[in-house]
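In: any chance you could fold what I've pasted below:
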Amino acid sequence: MNGWKRALACLCAAVLTVALLTGTQATADSVEIYIVAENDQILDLPLEAMPAWIGGAMYVPYHVFDWSYTGVNLGVSYGQDRTGTDYKFTLYSLDGALLFDINAGTCVEQSTGEDMGMKAVLRNGRVFLPLAGVCRYFGLNYSYTPTNYGTLVRITNGQEGLSTSRFVESSVNQMRIRYNDYLKALGAVTTPKPSSSGGGSTAGPSASPTPSGPDQQLTVALAFQCTGTGAEALLDALDGAGVKALLFFRPEVLARNETALRRAVGSGHTVGLSVEAGDGEAALAALEEGSRWLEDNLHLRTHLALLEGVQPAAVQAAEAAGWACWSGNLDARDDGRSWSAQRIALLADLEEARGTVRVLMDDSANGTAVLEQSLSRMKQAGYRFHLLVETDF
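Out: Residues are numbered from 1 along each chain as shown. Below you'll find the model as predicted:
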């Protein structure tokens, strides 16, 4: 009997020791990182678009269902309609459509009106969607896999070439890069540790720390007014630096810049339309013309607009029709000075800025030279880069 009691006491002590060690580790490694993959590709999502547990369900940014952003076509597309106080977000495929009313917190099947029992939410200025519900409706598969670099959230549609285990093995380097990028953005210092999340829908939410340092960093959101004459050189500069940007093209130059547009979309840049017209009717007509061309030729829907030389009523009319109109902080388009003088002025303006700065440049030869010479200086200064999307407006 005494031997049994001694054994039980030793067992209890061992369990207590393990519990204490586990608690210590959890405190040290409290940052929960989620890396998203689709089929056989790791997605390059910014920290603000990292998946999150909300109300006990895993939510992902709408970008994962945007093939023009991810480069992976899951057979699902999206559309959004913002008019006044209404904000509707639609996911659709050839088999059906989900209509999310973001303000009302509802989701119905568009054709039948059936309540689907889920909702979309706004997080960090982006639309986030419930992963399980969306995948279930569109027949997609998803999984959570613990790795040494956080939890891999993988979405597949049956066209993947690798099993999850083989995919993890082949993607270690990419996951390590994404993991380190997230930690730098969070200002966190920790040691990689396999996530405790399980597979399928059994994983539970975990607390995320409140970032401290990043809020003090300057964030640069780049946009470019593209005449089409220098779009390829502009893309060379952006892609060479690994920076994504919002590109505004005039409707009349879309057709002759189809190659550059396909490259821009495939590289993960955002595309909008630039219009110069005097009144609301003419501006809307030009926007609709450009929108039709993009949808017919690139299967791309955009609601981003840069309106110049228009009456204030024209901007109001465009916004009432669902267009998100550009409003920037810093106009750095070519003004006739040498590129070196413009570069110095741009960097000086950024040094005095705080928060997020929306910079408008162009695809002129001078503009591209300014960009090429400025990007390395921005990175050395620790500036972050943010890709502007429709929910940012």
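In: measure the closest residue to Ile33 other than its chain neighbours to Arg358 for me?
Out: Spatial nearest neighbour of Ile33, excluding adjacent residues (Cβ to Cβ, 6 or more residues apart in numbering): Gly150 at 3.0 Å. Any C-beta I mention is one placed from the backbone N, CA and C, and that applies to glycine too. Computed as Cβ to Cβ, to the nearest Å, the Gly150 to Arg358 distance reads 31 Å.
In: more neighbours: those two, which one.
Out: Gly150 (24 against 20; other Cβ atoms under 10 Å).
In: next structured bit after the strand or helix carrying Leu261?
Out: In this structure, Leu261 sits in helix 258-266 according to DSSP states H and E. Counting by DSSP H and E, the next helix or strand C-terminal to helix 258-266 is strand 270-276.
In: list of residues touching that following strand?
Out: Contacts with strand 270-276, where a contact means Cβ atoms under 8 Å, 6 or more residues apart in numbering, come from 223, 225-226, 244-251, 261, 264-265, 283, 286-287, 290-291, 294, 300, 302, 304-310, 326, 387-389.
In: if you look at those residues, which of them are in helices?
Out: If you go by DSSP state H, those have 261, 264-265, 283, 286-287, 290-291, 294 in helices.
In: can I get the residues you listed in TSV with neighbour count and distance to Ile344?
Out: Output for the ones in helices among the contacts of strand 270-276, formatted as TSV (neighbours: other Cβ atoms under 10 Å; distance: Cβ to Cβ, whole Å):
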residue	neighbour count	distance to Ile344
Leu261	25	32
Ala264	28	28
Val265	21	33
Ala283	28	35
Ala286	20	36
Leu287	25	36
Gly290	23	35
Ser291	18	38
Leu294	21	36
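In: just those now: which is nearest Phe138?
Out: Comparing the ones in helices among the contacts of strand 270-276 against Phe138 with Cβ to Cβ places Val265 closest, at 21.7 Å.
In: was I right to think that closest one contacts Asp66?
Out: No - the criterion here is Cβ atoms under 8 Å, and Val265 misses it with Asp66 at 9.9 Å.
In: okay, now the unreliable bits of the stretch 51-200 of the chain?
Out: Flagging of the stretch 51-200 of the chain using pLDDT under 70 yields the residue ranges 188-200.
In: what segments of the protein are helices?
Out: Secondary structure of the chain by DSSP H: the helices cover 2-28, 67-70, 131-138, 164-170, 172-186, 231-241, 258-266, 280-298, 312-320, 339-351, 365-380.
In: tell me which residues of the last one come out buried.
Out: Pointing back at helix 365-380 there. 366-375, 378 (16 or more other Cβ atoms under 10 Å).
In: who touches that helix?
Out: By Cβ under 8 Å, 6+ apart, the residues outside helix 365-380 that reach it are 220, 224, 230, 233-234, 237-238, 241, 243, 332-334, 338-340, 342-343, 346-347, 350, 361, 385.
In: quick one: buried ones out of those residues?
Out: By 16+ other Cβ under 10 Å, the contacts of helix 365-380 give 220, 224, 230, 233-234, 237-238, 241, 243, 332-334, 339, 342-343, 346, 350, 361, 385 as buried.
In: what's the helix holding Leu261 packed up against?
Out: If you count contacts as 3 or more Cβ pairs under 8 Å, 6 or more residues apart in numbering; DSSP states H and E, helix 258-266 packs onto helix 231-241, strand 270-276, helix 280-298.
In: for the ones you listed, give me JSON lines that also has distance to Asp115.
Out: Output for the helices and strands packed on helix 258-266, formatted as JSON lines (distance: least, Cβ to Cβ, whole Å):
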{"stretch": "helix 231-241", "distance to Asp115": "43"}
{"stretch": "strand 270-276", "distance to Asp115": "33"}
{"stretch": "helix 280-298", "distance to Asp115": "30"}
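In: and Phe138, which of these is closest to it?
Out: Across the helices and strands packed on helix 258-266, Phe138 has its closest neighbour in helix 280-298 (20.6 Å, Cβ to Cβ).
In: chain center to the closest one, what's the gap?
Out: For helix 280-298, the separation from the chain centroid amounts to 25 Å (computed by Cα atoms, centre = their mean, to the nearest Å).
In: tell me what it is packed against?
Out: helix 258-266, strand 270-276, helix 312-320.
In: of all those, which lies closest to Asn124?
Out: Of all these, it is strand 270-276 that lies closest to Asn124, at 16.2 Å by Cβ to Cβ.
In: CA-only coordinates of the closest one in CSV, if you can.
Out: C-alpha atoms of strand 270-276 as CSV (Å, rounded to 0.1, in the frame of the first residue of the first chain):
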residue,chain,number,x,y,z
THR,A,270,-4.9,46.1,-57.5
VAL,A,271,-6.4,47.7,-60.6
GLY,A,272,-8.7,50.7,-60.7
LEU,A,273,-9.9,53.2,-63.3
SER,A,274,-8.7,56.8,-63.8
VAL,A,275,-11.2,59.2,-65.3
GLU,A,276,-11.1,62.9,-66.3
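In: understood, closing this out.
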